[in-house]
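Visitor: using only what follows, build the 3D model:
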Amino acid sequence: MEIKSVAQRYVTHNYGNLLTVSEPDFDRQNHTWRVGIQSDYPYVITDDSLINSRLLKFLTLRNLGSLTYDKNLKLIESTPPEECVKKVETLLTRWERKAEEIIVKASATHIARIGVAKEALHPIVMVLERFLEPDVELIPFSDVQREADPQRTEMWLTLLEQLGLVRRIERGYTYGNLFTTMRAKEDNNETFITMAMAHIIREQYPTLRHVFKITRLETYVHVSNCYYIPSMLAEKPLKRTEESIWEQYCRWYEKKISLMRISHILKEMVDAGSIKFDGKYYTGHQPTFKKMLLMKHGIDEEQSQASLSTITA
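Guide: Below is the predicted model:
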């Protein structure tokens, strides 16, 4: 269609060759054409086990702007290029957050097994362990007030209450319905604590990060992102070296971190079952990766502005 060619030439000249146009829509009432601006944002993905093998995947970003033409194909109105750039940045950030959310939800049980998780969530572990003691059904308000930081302890208890793990009653806190349900499924105390921690991480990771300022889990999540986001884009578990994951971490997060630290974190993740190591390459935990793909495709269907395509160069 001529209008589409005219619009694409204009976009390429004024916005750059990473932007394309959607199918034109004719407004019969106003006798105008509207053409949407979009982008197939490229990601280069490497599998370290394959020599000179790179996959080119595209993240399709829609509704970045629009062009309006009259019936004679004269341009009437256009979205400024700087607005399109800002929209690209916004959608990429939104997609990265969604991708991280998928990774955290799918691997929450593995994260909960890492030693630093139990340390970071110590106030929660303390409450849960209290209710696992024989004949203990109440944490009185007076006991909460004896904590070093009663206000913060109340915040933790409120979070647990919102999740149904504890319940506020007249004299203090008792265990909630979810606590009872989970306990009926698991009578081993250590496994129960891990299960409860995984549920909290799965459902409330942003709250832990931004409200409670729990940052000790962030590095582990970011290392997981460096492995699993490219694998989700490739739709297959890639094989990666620790050096490759380290380099990607430095590029994505612009933080100083040693290869020794990345190596240690990867070993902890292997011990927790989050990823696998064959002596040379790290690869994904297959059941966990399958969960991620299922959630990814579910989000693709719901999001009209930022979706994952499977175009391969």
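
Visitor: helix or strand next in line after the one helix or strand residue 128 maps to, which one?
Guide: Taking DSSP states H and E as the criterion, residue 128 maps to helix 122-132. Per DSSP H and E, the first helix or strand lying C-terminal to helix 122-132 is strand 139-140.

Visitor: packing partners of that following strand?
Guide: helix 122-132, strand 172-175 (3 or more CB pairs under 8 Å, 6 or more residues apart in numbering; DSSP states H and E). Every residue, glycine included, has its C-beta placed from N, CA and C.

Visitor: for the helix holding residue 128, packing partners?
Guide: strand 139-140, helix 150-163, strand 172-175, helix 189-210.

Visitor: list the contacts of the shortest one.
Guide: For strand 139-140, contacts defined as CB atoms under 8 Å, 6 or more residues apart in numbering pick out 127, 130, 131, 157, 166, 171, 172, 173, 174.

Visitor: again, only using 10 Å
Guide: Applying CB atoms under 10 Å, 6 or more residues apart in numbering, the external contacts of strand 139-140 come out as 126-127, 130-131, 146, 153, 157, 166, 171-175.

Visitor: any idea how far it is from the chain center?
Guide: 36 Å (CA atoms, centre = their mean, to the nearest Å).

Visitor: note down every partner strand of it and its orientation.
Guide: Listed by DSSP bridges, the sheet partners of strand 139-140 and their directions read strand 172-175 (antiparallel).

Visitor: after the partner strand comes which helix or strand?
Guide: helix 177-185.

Visitor: how about exporting that following helix as PDB, limited to the C-alpha atoms?
Guide: Extracted in PDB, the C-alpha atoms of helix 177-185 (Å, rounded to 0.1, in the frame of the first residue of the first chain):
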ATOM      1  CA  ASN A 177      -5.100 -19.900  57.400                       C
ATOM      2  CA  LEU A 178      -2.200 -20.200  54.900                       C
ATOM      3  CA  PHE A 179       0.200 -21.200  57.700                       C
ATOM      4  CA  THR A 180      -2.300 -24.000  58.600                       C
ATOM      5  CA  THR A 181      -2.700 -25.100  55.000                       C
ATOM      6  CA  MET A 182       1.000 -25.200  54.300                       C
ATOM      7  CA  ARG A 183       1.800 -27.000  57.600                       C
ATOM      8  CA  ALA A 184      -0.700 -29.700  56.700                       C
ATOM      9  CA  LYS A 185       1.300 -30.400  53.500                       C
END
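
Visitor: check which helices and strands that helix sits against.
Guide: Using 3 or more CB pairs under 10 Å, 6 or more residues apart in numbering; DSSP states H and E, the elements in contact with helix 177-185 are helix 122-132, helix 150-163, strand 166-169, helix 189-210.

Visitor: show me which strand runs longest in the protein.
Guide: strand 54-70 (DSSP state E).

Visitor: so what strands line up beside that one?
Guide: Strand pairing for strand 54-70, using DSSP bridges, gives strand 32-46 (antiparallel), strand 75-78 (antiparallel), strand 306-308 (antiparallel).

Visitor: what's the most buried one of these?
Guide: Neighbour counts (mean count of other CB atoms under 10 Å) averaged over each of the strands paired with strand 54-70 peak at strand 306-308, with a mean of 20.

Visitor: just the buried residues of the contacts of strand 139-140.
Guide: Among the contacts of strand 139-140, those classed as buried by 16 or more other CB atoms under 10 Å are 127, 131, 153, 157, 166, 172, 173, 175.

Visitor: quick check: the two most widely separated of these?
Guide: Farthest pair in the buried ones among the contacts of strand 139-140 (CB to CB) is 153 and 175. Separation: 16.5 Å.

Visitor: quick one on the thing from earlier: just put the contacts of strand 139-140 in JSON lines and tack on distance to residue 24.
Guide: Shown next, in JSON lines, are the contacts of strand 139-140 (distance: CB to CB, whole Å):
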{"residue": "126", "distance to residue 24": "62"}
{"residue": "127", "distance to residue 24": "59"}
{"residue": "130", "distance to residue 24": "65"}
{"residue": "131", "distance to residue 24": "63"}
{"residue": "146", "distance to residue 24": "69"}
{"residue": "153", "distance to residue 24": "60"}
{"residue": "157", "distance to residue 24": "57"}
{"residue": "166", "distance to residue 24": "57"}
{"residue": "171", "distance to residue 24": "68"}
{"residue": "172", "distance to residue 24": "65"}
{"residue": "173", "distance to residue 24": "61"}
{"residue": "174", "distance to residue 24": "63"}
{"residue": "175", "distance to residue 24": "61"}
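
Visitor: for residue 233, helix, strand, or coil?
Guide: With DSSP: H, G, I helix; E, B strand; the rest coil as the basis, the three-state label of residue 233 is helix.
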